[in-house]
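[1] Structural data only, the sequence is not supplied:
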Ligand code: ADP
Ligand code: MG
């Protein structure tokens, strides 16, 4: 992998994607070029239906474009084999969704561990169980929820569930987080604490963050915004630097990853 700082960490080139309904073409992405710089917190902003989630699915190789390419860290990823795409998605990026996608029967700790279990053989998982559990606990600690590790999703608030989903996305030590409307289902104050956590992961742990939102006020919290409209990128602008005092004023204490991991 290419770590040179001027190579965009994630890039879409000439992306086109249509859906078909009753053989009628619905063009959703009509030639999108976008490059996200390593280490930044960016926002992809646009009205509902503008194609943001479709683009995110393509960037995550959860779906394939009709035309165009996706590059991660100097390597093309959209044309990899299914296995190669799974590896890219499981190792290099963390994905967070509006509705958390937690498994209701599992505890917070088990939810954080679930992708690690699924991606290993039973034997492989049991061999690494201790270190994986320690890492999962460290990630729950990172998001300020270690004391809720035995709670199931129905016993948690929306903000807590999103924190668990963020902890889960950190398990594989990704370089980049893709978050689709991460605060979309939360009240303003809880959403604010999730935004602050994403900002901390960006500034303290060096993760690149790409946040998708329909809300201009949330997009303004990123370093850089890309605006989508009707399947096209129509604007790109930088925001004023965030006030460091307000960025660090989280209402749940969190520890940077390095400390959290070494403490495990
Ligand atoms: P956004 O995330 O910006 O709200 P989406 O990418 O979810 O937008 O959707 C863009 C457009 O594509 C919408 O008009 C939506 O109805 C349509 N769309 C999304 N997914 C599908 C699908 N699987 N089949 C058909 N149409 C879809
Ligand atoms: Mg969407």
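    Yep, that arrived. Predicted, not measured: the structure shown is a model, and the values here were computed from it. Numbering: from 1, shown residues only. Ligands and ions are numbered 1, 2, ... in the order given.
[2] which residues in the stretch 51-200 of the chain form helices?
    Under the criterion DSSP state H, counting those that start in this stretch, the stretch 51-200 of the chain carries helices at the ranges 52-59, 82-87, 108-118, 122-127, 129-142, 158-170, 188-203.
[3] What are the contacting residues of the fourth one?
    Contacts to helix 122-127, defined as Cβ atoms under 8 Å, 6 or more residues apart in numbering, come from residues 116, 117, 132. Bear in mind the C-beta positions are built from the backbone N, C-alpha and C, glycine included.
[4] Now pLDDT and distance to residue 221 too, for those, in JSON lines please.
    What follows is the contacts of helix 122-127, written out as JSON lines (pLDDT from 0 to 100; distance: Cβ to Cβ, whole Å):
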{"residue": "116", "pLDDT": "88", "distance to residue 221": "30"}
{"residue": "117", "pLDDT": "88", "distance to residue 221": "34"}
{"residue": "132", "pLDDT": "96", "distance to residue 221": "33"}
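[5] Which one of these is nearest to residue 191?
    Taking Cβ to Cβ as the measure, residue 116 is the one of the contacts of helix 122-127 closest to residue 191, at 28.0 Å.
[6] ok, now which ones touch the nearest residue to that closest one once chain neighbours are set aside?
    Taking Cβ to Cβ, 6 or more residues apart in numbering as the measure, residue 116 lies nearest to residue 132, with 5.0 Å between them; neighbours along the chain are not counted. Neighbour list for residue 132: 113, 116, 125, 171 [criterion: Cβ under 8 Å, 6+ apart].
[7] Of all the helices of the stretch 51-200 of the chain, which one is nearest ligand 1?
    Distances from ligand 1 to each of the helices of the stretch 51-200 of the chain were compared using Cβ to the nearest ligand atom; the shortest belongs to helix 52-59, at 3.2 Å.
[8] Rounded mean pLDDT for the closest one, please.
    Per-residue pLDDT values over helix 52-59 give a mean of 97.
[9] Residues contacting it, please?
    Contacting residues not belonging to helix 52-59 are listed as 10, 12, 15, 17, 28-29, 32, 34, 44-46, 63-65, 70, 78, 178, 180, 210, 212, 214, 228 [Cβ under 8 Å, 6+ apart].
[10] which among the residues you listed are in contact with ligand 1?
    Applying Cβ under 6 Å from any ligand atom, the subset of the contacts of helix 52-59 adjacent to ligand 1 comprises 28, 46.
[11] Parallel or antiparallel, which strands does the helix or strand containing residue 27 pair with?
    With the criterion set as DSSP states H and E, the secondary-structure element containing residue 27 is strand 24-36. Sheet pairing for strand 24-36, assigned by DSSP bridges, gives strand 10-21 (antiparallel).
[12] Which of the residues in the partner strand are classified as buried?
    Neighbour counts using 16 or more other Cβ atoms under 10 Å place 10, 11, 12, 13, 15, 16, 17, 18 of strand 10-21 among the buried residues.
[13] measure stretch 67-83 end to end?
    Length of stretch 67-83, first residue to last, Cα to Cα, to the nearest Å: 21 Å.
[14] cool, stretch 60-75 as well?
    In stretch 60-75, first residue to last residue: 14 Å (Cα to Cα).
[15] again, but for stretch 32-48
    Across stretch 32-48, the straight-line distance between its terminal residues is 17 Å, by Cα to Cα.
[16] do stretch 18-25 as well
    Using Cα to Cα, the end-to-end distance of stretch 18-25 comes to 6 Å.
[17] who's in contact with it?
    The list of residues contacting stretch 18-25 from outside it, by Cβ under 8 Å, 6+ apart, reads 26, 27, 28, 66.
[18] ok, back up a step: which two of the contacts of residue 132 have the greatest separation?
    Taking every pair in the contacts of residue 132 and measuring Cβ to Cβ, the maximum separation is 12.6 Å, between 125 and 171.
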